[in-house]
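> Fold the following and give me the result.
(one chain, ligands or ions: 1)
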Amino acid sequence: MAAETSGVDDVASFYEGLGQVLNAAWGENLHYGYWEDGTDDSPVEVATARLTDLLVTLLDPAPGAAVLDIGCGVGKPALQLVATRDVHVTGIAISDVEVEQAAERAKEAGRSDVTTFRNADVMELPFADGSFDGAWAVESLLHVPDRGRALAETARVLRPGGRLVIADTAEIPPVGPEGRKVLNDICASYGVSSFATAAEYLELLAAHGFVDVEVRDISDKVVRTGTIMADVVEARRDELAKIDGPEPVDQYIGLMRRAAANPDIGYLVIAATLDPASGS
Ligand SMILES: C[S@@+](CC[C@H](N)C(=O)[O-])C[C@H]1O[C@@H](n2cnc3c(N)ncnc32)[C@H](O)[C@@H]1O
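From the prediction side, this is the model:
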């Protein structure tokens, strides 16, 4: 696993600084897009919503379920979930700016009754044991300094039999020298703590009481994301450079292109169930 480089405060600063700028260029779904194949020319908003759809299907919450959204961003995935399923979503993020934006968007969408957003750290969840029927972590665990602690806390607040869905960028072994360099460069600049492999996720989930774990490598479906993110930011380079100068913008563009070109950096979608016998 790549070295840990980020604390929670660094990550919050990222999402309140450069992260906000990048998000303005990318859109409100702060995650990868899903394209069916090379002929699929869906725009970013469609492709990112499609990834959320896949996660909704995997989570498959029952009507009335309480769902925890770990690392909710500005609330777009949570709002897509409540638009399609009769559930209540509690979204957490470690940036006040994101939480406020998420609550505002829910209000605008008339969904404040079925969503709650608050500042909380997944490694120290402010919820009672067994509070949730399901949880998802969409591109948030890469930022967490201790994935094991995050999964222990998630297991604690899920009821036995509760479902967990994770979407995360990942290391696809064997990682070569250029792949390792790209992974380390991302960790050094974007509030990323570490990238996990599928094997590490399997081990961690089993250690924290999860069963029926299904890991899907969807790297080929999302790979276009890096190039498009670089293109989108490049198209607005001059405007974005006015905020903090051109260096961070150019660095981001270069790194996204290198990541997109390297098969050692991939993407996993994972579904698991908290052992139904864990409460007995
Ligand atoms: C790439 S964004 C994804 C946002 C959202 N899931 C989406 O798909 O639009 C990562 C999110 O993880 C959150 N995050 C990072 N570290 C966290 C932690 N320790 N506890 C809770 N959330 C965290 C950030 O605040 C941010 O909202």
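> Was I right to think S95 contacts N119?
Yes. If you go by CB atoms under 8 Å, S95 and N119 touch, sitting 7.3 Å apart. Every residue, glycine included, has its C-beta placed from N, CA and C.
> my read: E28 touches A78, true?
No. Look at E28 against A78 with CB under 8 Å: they stay out of range, at 11.0 Å.
> Which one's more surrounded, those two?
Regarding E28 and A78, a neighbour count based on other CB atoms under 10 Å identifies A78 as having more, with 28 against 17.
> check contacts around the more buried one.
Neighbouring residues of A78 by CB atoms under 8 Å, 6 or more residues apart in numbering: 69, 72, 89, 91, 102, 106, 115, 117.
> Tell me the secondary structure at the last one.
It stands for F117. Applying DSSP: H, G, I helix; E, B strand; the rest coil to F117 yields a three-state assignment of strand.
> cool, and the fourth one?
Look at G91: counting by three-state DSSP, its state is strand.
> And the pLDDT for L22?
Listed pLDDT for L22 reads 68.
> that older thread, please say which of S95 and N119 ends up with more neighbours.
Applying other CB under 10 Å to S95 and N119 shows that S95 carries more neighbours, namely 23 against 15.
> Tell me, how many residues neighbour R180?
Neighbours of R180 (other CB under 10 Å): 14.
> After the strand or helix carrying it, which helix or strand is next? Please name it.
Under the criterion DSSP states H and E, the helix or strand holding R180 is helix 177-189. Following helix 177-189 in sequence order, the next helix or strand is helix 198-207 (DSSP H and E).
> mean confidence score for that following helix?
pLDDT averaged over helix 198-207 gives 98.
> Could you do stretch 137-145 as well?
Averaged across stretch 137-145, pLDDT comes to 96.
> Residues of the stretch 101-250 of the chain that sit close to the ligand?
Within the stretch 101-250 of the chain, the positions near the ligand by CB under 6 Å from any ligand atom are 121-123, 138-140, 143-144.
> which one among those gets closest to E203?
V144 (16.3 Å; CB to CB).
> Skipping its backbone neighbours, what lies nearest the closest one in space?
A150 (4.7 Å; CB to CB, 6 or more residues apart in numbering).
> which strands and helices sit next to the host helix or strand of that neighbour?
Element membership for A150, per DSSP H and E: helix 147-157. Applying 3 or more CB pairs under 8 Å, 6 or more residues apart in numbering; DSSP states H and E, we find helix 147-157 packed against strand 66-70, strand 132-138, helix 198-207.
> Which of those sits closest to R50?
Evaluated over those, closeness to R50 peaks at strand 132-138, with 13.1 Å, by CB to CB.
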